[in-house]
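> Turn this into a model:
(2 chains)
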Amino acid sequence: MRYAETGFNLEVDLTRGNIERVATDPGDTELYLGGLGTNAKILWDRVPPEVEPFSPDNLLIFAAGLLCGTPATGCNRTIVSTISPQTRLMAFSMMGGFWAPELKYAGYDKVILRGKSPDLVYLWINNDQVEIRDASHLQGKGAIETSELIRQELKEPKAQVAAIGLAGENRVYFASIEQSKSSASRGGIGAVMGDKGLKAIAVRGTKDVNIAQPVEFLELCNEVLEYIKFREENPIPGVMPILAGLGSPQEMKVHDEKWHTENFMWGNSRVRKKDFWNEEIAKEWTDTMENARRRLISCFNCPMECGATISLPGLPTYMMKCFTKLTYAMAAMSDLDFGLRIAQRATEYGVDGFSTPQVMAFALELYENGVLSDDDMPGMPSDTEGRFYWLLDKIVRREGIGDVLANGTYWAAKEIGNGAEAYAHNNIKKHEQLPLKLSMLNPIYFLMYATGEKINITQIEGQFPQAPYPKREQREEFVKDWFQVPDEKFKQYFLDWELRGEKSIPYYPTVEMTCDIVDWQERMHYIDDALGMCAGLSSFPLKPPYHIHNYPKFISSGAGIDMDEAKLTQAAKRYRTLVRAVNIRRGMRRKDDKPPENHWKKRFPELEKELLDGYYKFKGWNNDGVPTKESLHELGLDYVSGDFIKRGILTDNGGAPSKETSAENEKK
Amino acid sequence: MKGVVTVTGGNKKKKVKTIKIDTDKCNGCRACEVICSAFHAAPKYSGNNPARSRIRVIRDPLADIYVPVHAGEYAVAECAGREKYTIDGKEYDECSFCRASCPSRPEFKEPDSGLPLKCDMCEGEEEPLCVKWCMVDALTYEEREEEAEEQEEQEELEIGLESLADKYGMQKLKDAIARMSKKD
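Now for the predicted structure:
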């Protein structure tokens, strides 16, 4: 018997309409755990670098993490992996909600989609019965609307549905996959789903998920619940409210937006409004949210209420979470009411709440500076808010300038030319970033931005405080109950970290310490992504209930795989390296590992070089960021080095070739 | 509610165990379903499956409807007519509040056998585990003593047998039991 996982994947060939239930190798679970880990293995094995994102040979994998569907609190994430049309690298966006556990209860760990359906279809997984159904009547329908219609026509209100909207159908490079309050948004995976002619996947399951050592496992679950209670009653002092507690940033709950509105940038990530927040605005925005918000809601088996049902007069109800609350409002230099209203339409269209507002603000900046003209924007309204709605419609329909903008700021700027590239200034690896522009380089954030292959800062940061506490006593207090650290040395790193002077950024933490800190933070995210655990209870907040010390026990008693901290660390390193390998094979190199030029005003090229050199070495990568033959061997990834050597990415003696032989990673 | 009848000083008292439900507080997470089905797995906690849970969250997120309902008595037939309730502007089907395991819906039945399920308040535990795992306090637990009514408790075995008799007919059931007895 398999524990925690079901041991079966669904293989769906959309071209031929063929569906197979395939037993998986338990050996792969030991090596790559599940979720992201096994997704990376499948993409490495089956999607060679020649495969274009919109090729029928690209795979789109929906995976339930290894512990999804067990009673482990907050373990509900679906990890969707494919090759992104925007970055042309591996995308592994994720969503919480209810879909992944339902898939487990239906008897599957993953749905692996290949090929392209000639007509728009949806997949209906009802335990052992799986069918591809016509979706022509759902064409152009909103993502949430689609889910409701499917549940109605199947007469199965308990089916969980992940769907794309018009943006996905039209292959917008930042199209999302939506599922109730959750969405897998980053990297344009909704576009790949649309390209495959797949409108939605509905799933319903009524089978058991088994636990290897039931009593031990439940005890661990109860400990986590106890600790969540403790953390709720004991928020971390000295940090802003959204970082004090657990869960993803409590944007639906917290009304005080001083920090976001005054520290994050407005418009096309350009303008900082230092004294924006005042009593009047606080009252107005609080009223807006209180009136719109019907209920705080949670994902499957989780007490954190990170989402909300939003009902605005005259608009259909939708669900929201996190920072999308503000992204549209701030990009359009508008207010919360506008932000919540346009987000309703954007959610139905199925677009990423980070990239989309930025693409629209980028377009308006180009227009204001004469790079785009009235001829490019026929019929565009004169007010900014009206323009945002106009642009959103053009983009998701790929009409006129919208067809260009639908590829994101990087590709759009290239196509528009005429100096437009200077306006696509907030990207990493061709992907729009959070609108943040800061002063002094922070070595930890430098490395995270440069090397985080989820290409989103929130998906690598976490465990270590973002800034030092001013007083040593405060720091001593903080480390007292900081048992989540993998090693005592992290406490010392933090204790010695000062706001000013010798032991402050950018030279402290030192290169060596920075490598340790970044590696720890990244490791926790990768473990979450294999297990299906929400980052909000684990890798994202300070002092979380899940950590490197209890995770091995969860895996041992849950999945019946003999696990300890060293083995888990090694497994996470293995599939993290495999993600890197997939991307290296697609042409990614050191040149791509960099934050936006203007992310910090004060940059330190020498130090940055030392940091990157040091981190590559620490990770077992050569100076160009390619994992070395030795480090691959140590991880049991000889098949990767064999492929690298065959392709001339590594030489036979394990070094890097003298000149770059990989294909330049540009759009054809 | 499950009544435990205790006799004190000649007067019959029963301890009434109540799960109080505050639908406004429910966050729709279904942790109650997870822990219920895990507790009732055999061996205990060896698996979980919300479809086997004796508590279900009747949910319709877009309509803002969240009603955790725990399983009550088995009903042979579904109701002849069904009411609709409008509360705070939200329209609820009568079934949203009904605790019966009945032919009209899949709730409170074993998914494979169709046998009815009934909440037993997690006997042996301090409080029902759905309550313990509901950290938003949509479910709270209360015990109080009441004058006992003369009422026989229908045991789980009987409920099961009755439903089998309804499904297959008494004669078939008797025959099956007779055959099984011979084998032993």
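> what about A:Asp592, how many neighbours?
19 (other C-beta atoms under 10 Å in any protein chain shown). All C-beta atoms are positioned from the backbone trio N, CA, C, and that covers glycine.
> now for the least confident helix or strand in chain A by mean pLDDT, which elements pack on it?
Sorting the helices and strands of chain A by mean pLDDT, DSSP states H and E puts helix A:241-244 at the bottom, at a mean of 86. Using 3 or more C-beta pairs under 8 Å, 6 or more residues apart in numbering or on different chains; DSSP states H and E as the contact test, no helix or strand touches helix A:241-244.
> Go through whichever helix or strand comes after that helix and flag the buried ones.
Later in the chain than helix A:241-244, the nearest helix or strand by DSSP states H and E is helix A:258-263. For helix A:258-263, burial by neighbour count (16 or more other C-beta atoms under 10 Å in any protein chain shown) applies to A:260-261.
> average model confidence for the following helix or strand past helix A:258-263?
The element immediately downstream of helix A:258-263 (helix or strand, assigned by DSSP H and E) is helix A:279-292. Per-residue pLDDT over helix A:279-292 has a mean of 97.
> Report the next helix or strand after helix A:279-292 in sequence order.
strand A:293-297.
> Need the residues that contact the next helix or strand after that following strand.
Downstream of strand A:293-297, the first helix or strand assigned by DSSP H and E is strand A:307-310. Here strand A:307-310 makes contact (C-beta atoms under 8 Å, 6 or more residues apart in numbering or on different chains) with A:181-182, A:252, A:292-299, A:317-321, A:340, A:343-344, B:61-62, B:64.
> do that again at 10 Å, thanks
Here strand A:307-310 makes contact (C-beta atoms under 10 Å, 6 or more residues apart in numbering or on different chains) with A:96-97, A:180-182, A:247-248, A:251-253, A:289, A:292-299, A:316-322, A:325, A:340-341, A:343-344, A:347, B:27-28, B:61-64, B:66.
> strand partners of that strand, parallel vs antiparallel please.
strand A:293-297 (antiparallel), strand A:318-321 (antiparallel) (DSSP bridges).
> Quick one: mean pLDDT for the last one?
Right, the one you point to is strand A:318-321. So the average pLDDT for strand A:318-321 ends up being 94.
> and it, how far from the chain's centre?
Distance of strand A:318-321 from its chain centroid, counting by C-alpha atoms, centre = their mean, to the nearest Å, is 17 Å.
> again with stretch A:438-458
The chain centroid and the centroid of stretch A:438-458 are separated by 15 Å under C-alpha atoms, centre = their mean.
> buried sites along that stretch?
A:441-458.
> Now A:Ile428: closest residue in space, sequence neighbours ignored.
Counting by C-beta to C-beta, 6 or more residues apart in numbering or on different chains, A:Ile428 lies nearest to A:Ile455, which is 5.6 Å off, once chain neighbours are set aside.
> By mean pLDDT, point me to the weakest helix or strand of chain B.
Lowest by mean pLDDT, DSSP H and E among the helices and strands of chain B is strand B:2-8, with a mean of 44.
> which is the next helix or strand following it?
Scanning onward from strand B:2-8 (DSSP H and E), the first element met is strand B:11-21.
> Show me what secondary structure element comes after that following strand.
helix B:31-39.
> And that following helix, what does it pack against?
strand A:209-210, helix A:214-233, strand B:47-48, strand B:55-60, strand B:65-70, helix B:129-133 (3 or more C-beta pairs under 10 Å, 6 or more residues apart in numbering or on different chains; DSSP states H and E).
> and after the fifth one, which helix or strand comes next?
The one in question is strand B:65-70. Using DSSP H and E, the next helix or strand after strand B:65-70 towards the C-terminus is strand B:84-87.
> That next one pairs with which strands?
Applying DSSP bridges, one finds strand B:84-87 paired with strand B:90-93 (antiparallel).
> List the buried residues in the strand it pairs with.
Neighbour count says strand B:90-93 has B:Tyr92 buried, by 16+ other C-beta under 10 Å.
> could I get it in PDB with only the CA atoms?
Below are the C-alpha coordinates for strand B:90-93, written out as PDB (Å, rounded to 0.1, in the frame of the first residue of the first chain):
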ATOM      1  CA  LYS B  90     -29.500  34.200   1.800                       C
ATOM      2  CA  GLU B  91     -31.700  31.400   0.500                       C
ATOM      3  CA  TYR B  92     -31.100  28.000   2.100                       C
ATOM      4  CA  ASP B  93     -32.500  24.700   1.000                       C
END
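> Can you spell out which residues form a bridge with the residue lying closest to B:Lys84 once chain neighbours are set aside?
Take B:Lys84 and drop its neighbours on the chain: the residue closest to it by C-beta to C-beta, 6+ apart is B:Glu91, 5.7 Å away. Note on B:Glu91: beta-bridge partners B:Thr86, judged by DSSP bridges.
> wait, doesn't A:Arg341 sit right on A:Leu312?
Yes: assessed by C-beta atoms under 10 Å, A:Arg341 is found in contact with A:Leu312 at 5.8 Å.
> higher neighbour count, those two?
Counted by other C-beta under 10 Å, A:Arg341 and A:Leu312 do not tie: A:Arg341 has more neighbours, with 22 against 16.
> got the angle for the helix or strand hosting the more buried one vs strand A:293-297?
For A:Arg341, the enclosing helix or strand under DSSP H and E is helix A:336-349. Here the directions of helix A:336-349 and strand A:293-297 differ by 60 degrees (axes from the mean of the first three to the mean of the last three C-alpha atoms, to 10 degrees).
> pLDDT of helix A:336-349, averaged?
For helix A:336-349, mean pLDDT rounds to 98.
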